[in-house]
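A.B. asks: Quick check, what structure comes out for this input:
(chains A and B)
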Number of protein chains: 2
Amino acid sequence: MTDVRVAGVGLTHFGSHPERTGRDLFAEAVLSARQDAGVPPADIEELNVGNFVGSLAEGQSHQGPLLAEAAGLSCPATRYEEACASAGVAVREAVRTVRSGEADVVLAGGMERMTHLGTDGATRALAIAADELFEIRAGVTFPGAYALMATAYADRFDIAEDDLNTDLAHIASKNHDHAIPNEYAQYQRKLTVEQALDAPPVAEPLGLFDCCPITDGASAVVFVSEEYAEANGLDAGVAVVGSGQGTDRMALQDRASLSSTPAADDAAAMAYANAGIDPADIDVAEVHDCFTIAEVLAIESLGLYEQGEGLSAARRGETTADGEIPVNLSGGLKAKGHPVGATGGSQIAEMTRLLRGDHPNSDAVADADVGVTHNAGGTVGSAVVHVLEVAE
Amino acid sequence: MTDVRVAGVGLTHFGSHPERTGRDLFAEAVLSARQDAGVPPADIEELNVGNFVGSLAEGQSHQGPLLAEAAGLSCPATRYEEACASAGVAVREAVRTVRSGEADVVLAGGMERMTHLGTDGATRALAIAADELFEIRAGVTFPGAYALMATAYADRFDIAEDDLNTDLAHIASKNHDHAIPNEYAQYQRKLTVEQALDAPPVAEPLGLFDCCPITDGASAVVFVSEEYAEANGLDAGVAVVGSGQGTDRMALQDRASLSSTPAADDAAAMAYANAGIDPADIDVAEVHDCFTIAEVLAIESLGLYEQGEGLSAARRGETTADGEIPVNLSGGLKAKGHPVGATGGSQIAEMTRLLRGDHPNSDAVADADVGVTHNAGGTVGSAVVHVLEVAE
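C.D. replies: Numbers count the residues shown, from 1 in each chain, chains lettered A, B, ... in the order given. The predicted structure is shown next:
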């Protein structure tokens, strides 16, 4: 087993890019990642791409070879799909491939185009991450599903409606604050707690600003073996030291509880065992806040908070940029945006930038050594967790 | 690196199953594979599933956790999509995961339901394996694309129309002969060369019997480490000793040649290097004959024939059950059927049965030691090759 290093990362702007193709977005991300890494195309041995709704949104499947070609690569290329964790599993396989010595250089990332579908179209397309037979036919959409989870959480921990809404609004406001300096973010603008509280409801208790936006974008990360980095004099000071994946029952109705996410518990436990760390070692986290309540469930599954304690962390100022354990310094899915199949790669890219010191929010974590990323599929029917560490 | 063994295989009947769900079909295949292997659900550490058009055909994505649940598994589960090679890449990752020691027991397979779409619907759905921008919008469908490849082949090797048609008809007839005793096959019936030649044209020079059918079905294979097989007293006498994957430009217009398949050349070279064999060592092959011409291109890419020599191999009786190197003893995609996302797993299952002696056509290869499988995506924009060997 070799040490796996992040040699370079690339992102497109996250936002609305109706005039661009998916292959064009992905090629931009790969070019950035390759330039950041200083790795020529011929050295890339495998390409793993995450994409979720391309067959509905672009009439395009078989994106492995398509995106390889667009990015100027001719290596074996595979598409991974795990709903909103598609790039998470693509990254995980890249990490394992380098770690096992199967390859020295693997590029992983993802791409999604959704804004051209409109809100209604995108909501319908995203629904295929739920159980068609027992959820979609019954009218489940993801805002509705996460609203059920938020309600169950408040019920279980006996949280008053006002407190729930205010706590969630603080999460949204925090992530908007974090996104302001991030040049890749969809919303580089302030959102006050009052604005979040005053927003129109989407699926109560979730309002408009509890929900991440619909986004186009792409991400790419070059993973290399320590030996390759040394032999080629690469500046690759961030290592991926742990990777974990978990699975849960697909439909909410089959879960033992709606207020916790065992797939993410499992993924975190596996990643931490891998890395030889425990939650107390973690300095910073990027988590899958597709809805504000999802951030709460994520930081509890990651062991950063006990169950029932994560909800008010942002309001208490603990997960803000100047808090003890900043969460979603990128702006998160909430404010940076959520091009679904790209998100898991974007989290690795943002965490790498944070840890190596060239992220606009790096100052907030100047002494950080260990970062964790958490990428979830559907209502956390699947989850992928990675642990990144400053290696030198 | 450990030796990777096939502990058990499972297949559903390939055919038209409009009354069944995809999860139901997959669960049946997994149960069969587990029973064949003698491996309990709790020992399965990872599940890799191939599925191609589920988001269009069933309104269902995120099939990893869905199919895990249906099969009674709670391990990490990931969907792989590489068009018609979806299960091929799922298998390849399973093999690499066991080989690297990341896991001792990984289940890989796939599932597809398509017959309920009808011919027109299925043809449109399958088209998303082609390039949406430069092929699909121009009207390309797969029968048309492979017809172009057949024409280019005949043109390059100066083959008269009658010879081309007759050679291809012999491939179809051979694969139907092979399927007759195969209880999983969609078409357990004879097809004469004359019937194939008299069939209505689909996309000239390809007639109806040059095309594989539209199929529902599922496949599952349990891969284990040699150590696990020994420790648990499993009868796992077939090893996967080589795995390779290749990628080509996506659109036919961007290829250097329409009469060869470099992605499969690359996949074969990688798998053979892996296995330490060369084409002369191969005793039997299962190849991706979505169209009869595809079998020709496959056996040439596998190095079983020189370019231009593969076309008439069936007519010469070399790839028939009593030939030197039987090809598609299962019946192939042509007669056994092609539930797209399941096919790569089915090939491993059939080859395992052939090599261990419990396939209805095993007598044809009683002395065989080495078998190769070839699974292709689209017009061979991607390809996966595996080498299986009798281990004891």
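
A.B. asks: Could you tell me the per-residue confidence at the residue at the greatest distance from the centre of chain A?
C.D. replies: Relative to the mean C-alpha coordinate of chain A, counting by CA atoms, centre = their mean, the farthest residue is residue A:231 (31.1 Å). Looking at residue A:231, its pLDDT reads 98.

A.B. asks: before we move on, what about residue A:258?
C.D. replies: 97.

A.B. asks: Please enumerate the strands of chain A.
C.D. replies: Listed in chain order, the strands of chain A (DSSP state E) span residues A:4-11, A:46-50, A:77-81, A:105-112, A:201-203, A:206-207, A:217-225, A:238-247, A:284-286, A:370-377, A:382-390.

A.B. asks: and the third one, C-alpha only, in CSV?
C.D. replies: Included here for strand A:77-81 are C-alpha records, laid out as CSV according to Å, rounded to 0.1, in the frame of the first residue of the first chain:
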residue,chain,number,x,y,z
ALA,A,77,-12.6,5.6,-18.4
THR,A,78,-15.6,4.6,-16.3
ARG,A,79,-18.8,6.3,-15.2
TYR,A,80,-19.9,5.9,-11.6
GLU,A,81,-23.5,6.6,-10.4
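
A.B. asks: For the stretch 101-250 of chain A, which residues are neighbours of chain B?
C.D. replies: Residues of the stretch 101-250 of chain A that fall close to chain B, judged by CB under 8 Å from any CB of the partner chain: A:101-102, A:128-133, A:136, A:245-250. Quick note: C-beta positions are derived from backbone N, CA and C, even for glycine.

A.B. asks: Buried ones among the residues you listed?
C.D. replies: A:102, A:128-133, A:136, A:245-250 (16 or more other CB atoms under 10 Å in any protein chain shown).

A.B. asks: need the residues you listed in JSON lines with pLDDT, can you?
C.D. replies: Shown next, in JSON lines, are those (pLDDT from 0 to 100):
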{"residue": "A:102", "pLDDT": "95"}
{"residue": "A:128", "pLDDT": "94"}
{"residue": "A:129", "pLDDT": "95"}
{"residue": "A:130", "pLDDT": "96"}
{"residue": "A:131", "pLDDT": "96"}
{"residue": "A:132", "pLDDT": "95"}
{"residue": "A:133", "pLDDT": "94"}
{"residue": "A:136", "pLDDT": "94"}
{"residue": "A:245", "pLDDT": "98"}
{"residue": "A:246", "pLDDT": "98"}
{"residue": "A:247", "pLDDT": "98"}
{"residue": "A:248", "pLDDT": "97"}
{"residue": "A:249", "pLDDT": "96"}
{"residue": "A:250", "pLDDT": "94"}
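
A.B. asks: Between the two ends of stretch A:314-334, how far is it?
C.D. replies: 14 Å (CA to CA, to the nearest Å).

A.B. asks: before we move on, back to that, select from the buried ones among the residues of the stretch 101-250 of chain A next to chain B every entry located in helices.
C.D. replies: Taking DSSP state H as the definition of helices, these contribute nothing to them.

A.B. asks: got the contact list for the residue in the stretch 201-350 of chain A that chain B sits nearest to?
C.D. replies: Nearest residue of the stretch 201-350 of chain A to chain B: residue A:245, at 3.8 Å (CB to the nearest CB). Residue A:245 makes contact with A:88, A:89, A:92, A:266, A:267, A:270, A:382, A:383, A:384, A:385, B:76, B:78 under the criterion CB atoms under 8 Å, 6 or more residues apart in numbering or on different chains.

A.B. asks: For residue A:149, which non-adjacent residue is closest in space?
C.D. replies: Excluding its sequence neighbours, the residue lying closest to residue A:149 (CB to CB, 6 or more residues apart in numbering or on different chains) is residue A:258, at 5.0 Å.

A.B. asks: Give me the neighbour count for the one you found.
C.D. replies: The tally of other residues near residue A:258 (other CB atoms under 10 Å in any protein chain shown) stands at 20.

A.B. asks: For residue A:308, what are phi and psi?
C.D. replies: The phi/psi pair for residue A:308 (degrees, to the nearest 10) reads phi 90, psi -10.

A.B. asks: I'd say it and residue A:157 touch.
C.D. replies: Yes. Using CB atoms under 8 Å, residue A:308 is in contact with residue A:157, at 4.1 Å.

A.B. asks: Residue A:11 bridge partners, please.
C.D. replies: residue A:219 (DSSP bridges).

A.B. asks: what residues are up against it?
C.D. replies: A:29, A:32, A:184, A:217, A:218, A:219, A:220, A:346, A:349.

A.B. asks: if you set the cut-off to 6 Å instead, what comes out?
C.D. replies: A:29, A:184, A:219, A:349 (CB atoms under 6 Å, 6 or more residues apart in numbering or on different chains).

A.B. asks: can you check residue A:351 too?
C.D. replies: A:286, A:371, A:373, A:388.

A.B. asks: count of residues packed around the spatially closest residue to the first one that is not a sequence neighbour?
C.D. replies: Leaving aside its chain neighbours, residue A:286 sits nearest to residue A:347 (4.3 Å; criterion: CB to CB, 6+ apart). Other residues near residue A:347 number 32, with proximity taken as other CB under 10 Å.

A.B. asks: cool, and residue A:137?
C.D. replies: 11.

A.B. asks: residues in contact with it?
C.D. replies: Residue A:137 neighbours (CB under 6 Å, 6+ apart): none.

A.B. asks: Swap in 10 Å and give it another go.
C.D. replies: For residue A:137, the contact set (CB atoms under 10 Å, 6 or more residues apart in numbering or on different chains) comprises A:130, A:131, B:59.

A.B. asks: repeat for residue A:218
C.D. replies: A:10-14, A:17, A:20, A:22-30, A:32-33, A:49-51, A:67, A:71, A:87, A:109-113, A:339, A:341-342, A:345-346.

A.B. asks: Recalculate using a threshold of 8 Å.
C.D. replies: A:11-12, A:22, A:25-26, A:28-29, A:109-112, A:339, A:342.

A.B. asks: Looking at the residues you listed, which is nearest chain B?
C.D. replies: Checking the contacts of residue A:218 one by one against chain B (CB to the nearest CB), the nearest turns out to be residue A:22, at 9.4 Å.

A.B. asks: List phi and psi for residue A:249.
C.D. replies: According to degrees, to the nearest 10, residue A:249 has phi -60, psi 150.

A.B. asks: isn't it right up against residue A:380?
C.D. replies: No. Residue A:249 lies out of contact with residue A:380 (CB under 8 Å); the separation is 10.4 Å.

A.B. asks: Verify the contact between residue A:301 and residue A:268 for me.
C.D. replies: Yes. Contact criterion CB under 8 Å: residue A:301 and residue A:268 qualify, at 5.8 Å.

A.B. asks: so what's in contact with those two at the same time?
C.D. replies: With CB under 8 Å, 6+ apart, residue A:301 and residue A:268 have common neighbours residue A:374.

A.B. asks: Look at residue A:144 and say how many residues are nearby.
C.D. replies: Neighbour tally, residue A:144, other CB under 10 Å: 20.

A.B. asks: What of the one 5 residues further on?
C.D. replies: Under the neighbour criterion other CB under 10 Å, residue A:149 is assigned a count of 25.

A.B. asks: sorry, back to before: ok, the residue nearest to residue A:149 - contacts?
C.D. replies: Contacts of residue A:258 (CB under 8 Å, 6+ apart): A:148, A:149, A:152, A:153, A:252.

A.B. asks: Check residue A:323 too.
C.D. replies: A:313, A:317 are the contacts of residue A:323 under CB under 8 Å, 6+ apart.

A.B. asks: longest helix of chain A?
C.D. replies: Chain A, longest helix under DSSP H: helix A:161-179.

A.B. asks: Check which helices and strands that helix is in contact with.
C.D. replies: helix A:142-156, helix A:193-198, helix A:292-301, helix A:332-336 (3 or more CB pairs under 8 Å, 6 or more residues apart in numbering or on different chains; DSSP states H and E).
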